[in-house]
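> Give me a model of this one.
(one chain, ligands or ions: 1)
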Amino acid sequence: MPSTVLNGFTPWPAAAAERHREQGCWTGETFGDMLSARAAATPAATAVVDDAHRWTYAELDRRSRALATGLGRLGIGRDDRVLVQLPNRAEFVEVIFALFRLGALPVFCLPAHRRAELAPIATAIGATAMITVGVHQRFDHAALANSIRAEVHALRHVLAITDDARALPEGVLDLADFRDEPGPLPVLDASAVAFLQLSGGSTGIPKLIPRTHDDYLYSVRRSAQICELDPGTVYLATLPVAHNFPMSSPGILGALWAGGTVAMTPDPTPATAFAAIERFGVTITGLVPPLARLWVERAEAGATPNLSTLKVVQVGGARCQEELARRIGPALGATLQQVFGMAEGLVCYTRLDDPVEVVVATQGRPMSEFDELRVVDESGADVPAGTDGNLITRGPYTIRGYFDNAEANARGFTPDGWYRTGDVVRLRPDGNIVVQGRAGDWVNRGGEKVSAEELEAHLLEHPDIREAVIIGTPDPVLGQRICAFVQPADPARRPSLLSVRSFVRLRGVAAWKMPDDVVVIEDFPETGVGKTSRKELRRLVAEGARGR
Ligand code: OOB
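Presented below is the predicted three-dimensional model:
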């Protein structure tokens, strides 16, 4: 079988690909095949619901074919990269299946991404089209996309979903005009790259994660099995669905794989989400810890809508404190499942029949018997059993490299194909993992990852800042908050939190990356080798260095 070529890029070594086929992990099924099979089996079952739509499998199947045909008329085809920036709504599913069926590659962007994230991605990947919405939560996504088109040479088409086509900026196409009579579609190879996901921040070339139909569908299938999904499942996408967690762990794709229903809500706060659970009869959803805390507090306060259909509440993306973990099941009347995963591949779950002590105190174990895990020290040697170390992993759905980024690949992968997760973990004798933190300079702000390097680069452009260092500091709700230590260019002009935040915002950076605290410091503490000591800065915070 030919291995995939995307501008000369081969996602998997041939021997590994062969092995994963022999293991029965990769089956040769594409996303389009999967949807066709479900539509044939249960055409009248509900596939997708949101506040405005309810589509059966037959309807979703037909709509995705119709849109694929229309987008094909526009010239979008195999291997074309298409930025998709959509909030959680039914059309998300229609759009991604249309692109899958064309062999075009969606590049999953978050609704919170702004120019500073989107323009470098569009450039690096040579995106030819972008699909977005008009105005959403008071932000004009179509206008942003259109201005990126003016900057990025390859980006020819911007299409938007809107209720008011006349309000779209000049040059932005209304997606509704591309739902054609379904026509013939290409035959695809499941070993081909199906889409690109974004890894956390980077100052240089964005880190793009290539996932194939074969490897991703395996992870979807295993996830759906472990989470015991069936045709009665109603999965509520609460987190932005472009994230790997609500997409495939088991997420919306797992629900569709099982012949269940995907329910979408653009707003994860308890008021909206609880009403959605009652209205759609939701059985499972996934949350990050700060959101889980909000839900638990609201539920404990009483007078919630009827949540009795809810069977499983997953928590992942960041470490869930045991104190919170213990409250989730009782408060929401559901089984808690911890999920520790990464867009690069590996996903670990606690199992639904695990004892409470495992579920509240660990982040579970790998979903596949073919996942390989090692816990190593800085030199790459295995640490003694049960001690903390850096997690590296390899397996049938963990990528072997980012798309076209030699530097990130040299850092992120060992020569024999292991992915360096950057997580410090402890492996318990029972096989479950306890995540202790991150090794790198990252802040995990309630599940959203912020690269210290990326944010520091923005701060250094501030006229009043000479030097900047970002560290994550403990926060009872978010897990970590973003603390910016800044050295003023002129001691008489001390940058304020407000000025730093508005400066970063104006640079077109996603809102979740705004510093929560700014600490002005005359001189940075140094390590022995002259590097800024982040450890010392953390100590300063612990001692009460105050932000402003
Ligand atoms: C998920 O994916 P990403 O790519 O946004 O972030 C991955 C990183 C991990 O390397 C780890 O540092 C952190 O997020 N993380 C957790 C965690 N789950 C993820 N840290 C502690 N406890 C957990 N339960 O975040 C993701 C992808 C698929 C499923 C779930 C989460």
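> What's the local residue count around the residue in the stretch 301-450 of the chain that the ligand sits nearest to?
Going by CB to the nearest ligand atom, the ligand is nearest to residue 341 of the stretch 301-450 of the chain, at 2.6 Å. To be clear about C-beta, it is placed using only N, CA and C from the backbone, and glycine gets the same treatment. The number of residues packed near residue 341 is 23, by other CB atoms under 10 Å.
> Would you confirm that it contacts residue 364?
No: Residue 341 is beyond contact range of residue 364, at 9.5 Å (criterion: CB atoms under 8 Å).
> shared neighbours of those two, anything?
Shared contacts of residue 341 and residue 364 (CB atoms under 8 Å, 6 or more residues apart in numbering): residue 348.
> follow-up on the earlier one: need the per-residue pLDDT for the residue of the stretch 301-450 of the chain closest to the ligand.
Residue 341 carries a pLDDT value of 97.
> so where do the helices sit in the stretch 301-450 of the chain?
322-332, 356-361, 406-412 (DSSP state H, counting those that start in this stretch).
> Tell me how many other residues crowd residue 369.
By the measure other CB under 10 Å, the count of residues near residue 369 is 10.
> thinking again about what came up before, out of the helices of the stretch 301-450 of the chain, nearest to residue 263?
helix 322-332 (16.3 Å; CB to CB).
> With only the CA atoms kept, save the closest one in PDB.
Presented in PDB, the C-alpha positions along helix 322-332 are these (Å, rounded to 0.1, in the frame of the first residue of the first chain):
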ATOM      1  CA  GLU A 322      -8.300  15.100  44.000                       C
ATOM      2  CA  GLU A 323     -10.600  17.300  46.200                       C
ATOM      3  CA  LEU A 324     -12.500  18.300  43.000                       C
ATOM      4  CA  ALA A 325     -12.400  14.800  41.600                       C
ATOM      5  CA  ARG A 326     -14.200  13.400  44.600                       C
ATOM      6  CA  ARG A 327     -17.000  15.900  44.300                       C
ATOM      7  CA  ILE A 328     -17.800  15.400  40.600                       C
ATOM      8  CA  GLY A 329     -19.500  12.000  40.600                       C
ATOM      9  CA  PRO A 330     -21.900  12.800  43.600                       C
ATOM     10  CA  ALA A 331     -22.700  16.300  42.500                       C
ATOM     11  CA  LEU A 332     -23.500  15.500  38.900                       C
END
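> now the helices of the stretch 301-450 of the chain in CSV, with distance to residue 248 and mean neighbour count?
What follows is the helices of the stretch 301-450 of the chain, written out as CSV (distance: least, CB to CB, whole Å; neighbours: other CB atoms under 10 Å):
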stretch, distance to residue 248, mean neighbour count
helix 322-332, 22, 18
helix 356-361, 21, 17
helix 406-412, 20, 14
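> got CSV for these, with distance to residue 195 too?
Output for the helices of the stretch 301-450 of the chain, formatted as CSV (distance: least, CB to CB, whole Å):
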stretch, distance to residue 195
helix 322-332, 31
helix 356-361, 31
helix 406-412, 18
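> Give me every residue in the stretch 251-400 of the chain lying close to the ligand.
With the criterion set to CB under 6 Å from any ligand atom, the stretch 251-400 of the chain comes near the ligand through 316, 317, 318, 319, 338, 339, 340, 341, 342, 343, 347, 363.
> I'd like these written out as a markdown table, with distance to residue 186 added.
Shown next, in a markdown table, are those (distance: CB to CB, whole Å):
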| residue | distance to residue 186 |
| --- | --- |
| 316 | 35 |
| 317 | 35 |
| 318 | 40 |
| 319 | 43 |
| 338 | 40 |
| 339 | 34 |
| 340 | 37 |
| 341 | 31 |
| 342 | 31 |
| 343 | 27 |
| 347 | 30 |
| 363 | 40 |
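> Is it possible to mark the buried ones in the residues you listed?
316, 317, 318, 319, 338, 339, 340, 341, 342, 343, 347, 363 (16 or more other CB atoms under 10 Å).
> Mind checking which of those residues are in strands?
If you go by DSSP state E, these have 316, 338, 339, 340, 341, 342, 347 in strands.
> And residue 170, how close does it get to residue 135?
Separation of residue 170 from residue 135 (CB to CB, to the nearest Å): 16 Å.
> higher neighbour count, these two?
A direct count of neighbours by other CB under 10 Å for residue 170 and residue 135 places residue 135 higher, at 16 against 5.
> mind listing what the more buried one touches?
Here residue 135 is in contact with 141, 142, 167 (CB under 8 Å, 6+ apart).
> So which residues on this protein come close to the ligand?
Neighbours of the ligand within the chain, by CB under 6 Å from any ligand atom: 244-245, 249, 316-319, 338-343, 347, 363, 421-423, 435, 438, 444, 449.
> Since that was my last question, I'll sign off now.
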